[in-house]
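Participant: build me a model from this:
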Amino acid sequence: MCRNIHTLYNYDPPATSEEVRAAALQYVRKISGYSKPSAANEEAFDRAVEEVAEASERLLESLVTAAPPKNREVEAAKARLRAEQRFG
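Facilitator: Residues are numbered from 1 along each chain as shown. Down below sits the predicted model:
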């Protein structure tokens with residue numbers, strides 16, 4: 001899976017529509033092999049991004065958990081620390 005797609009569920013504040021759409025765009029880019037589709041494929045590409053974003057938003061809205069929401073800043077700091085340890 002694409003490393004640029006991050007977990008969007010159970011954060012405070014919740015993921016925005018822009019974040020969900022960005023993840024959908026990364027997903028469609030990954031599976032299609034296009035970073036920017038040709039004019040002939042642009043409509044299908046854009047439609048796929050919108051459909052994946054809509055499905056993702058429905059999924060995020062329907063999930064339930066008893067776990068407390070994660071703090072974005074704390075999780076980002078943990079990710080930076082892991083990257084520092086991994087890459088030096």
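Participant: just give the closest residue to the residue nearest the centre of the chain, not the sequence neighbours.
Facilitator: Nearest residue to the geometric centre of the chain (CA atoms, centre = their mean): Ala23, 2.9 Å. In space, and not counting its chain neighbours, Ala23 is closest to Ile5: 4.9 Å by CB to CB, 6 or more residues apart in numbering. Glycine gets a C-beta too; all of them are placed from N, C-alpha and C.
Participant: show me what contacts that neighbour?
Facilitator: Ala23, Gln26, Tyr27 (CB atoms under 8 Å, 6 or more residues apart in numbering).
Participant: wait, doesn't the residue nearest to the centre of the chain sit right on Leu8?
Facilitator: Yes - shown here, Ala23 and Leu8 form a contact pair, counting by CB atoms under 8 Å, at 6.3 Å.
Participant: which neighbours do the two share?
Facilitator: Residues touching both Ala23 and Leu8 (CB under 8 Å, 6+ apart): Ser56.
Participant: and what about the residue nearest to Ala23, helix, strand or coil?
Facilitator: coil (DSSP: H, G, I helix; E, B strand; the rest coil).
Participant: same question, the one 3 residues further on
Facilitator: Applying three-state DSSP to Leu8 yields a three-state assignment of coil.
Participant: neighbours around it, how many?
Facilitator: When neighbours are counted by other CB atoms under 10 Å, Leu8 registers 17.
Participant: now swap in Ser56 and tell me
Facilitator: Neighbours of Ser56 (other CB under 10 Å): 20.
Participant: which strands or helices does the top helix by length along the chain pack on?
Facilitator: Counting by DSSP state H, the longest helix found in the chain is helix 42-62. Applying 3 or more CB pairs under 8 Å, 6 or more residues apart in numbering; DSSP states H and E, one finds that helix 42-62 contacts helix 17-32.
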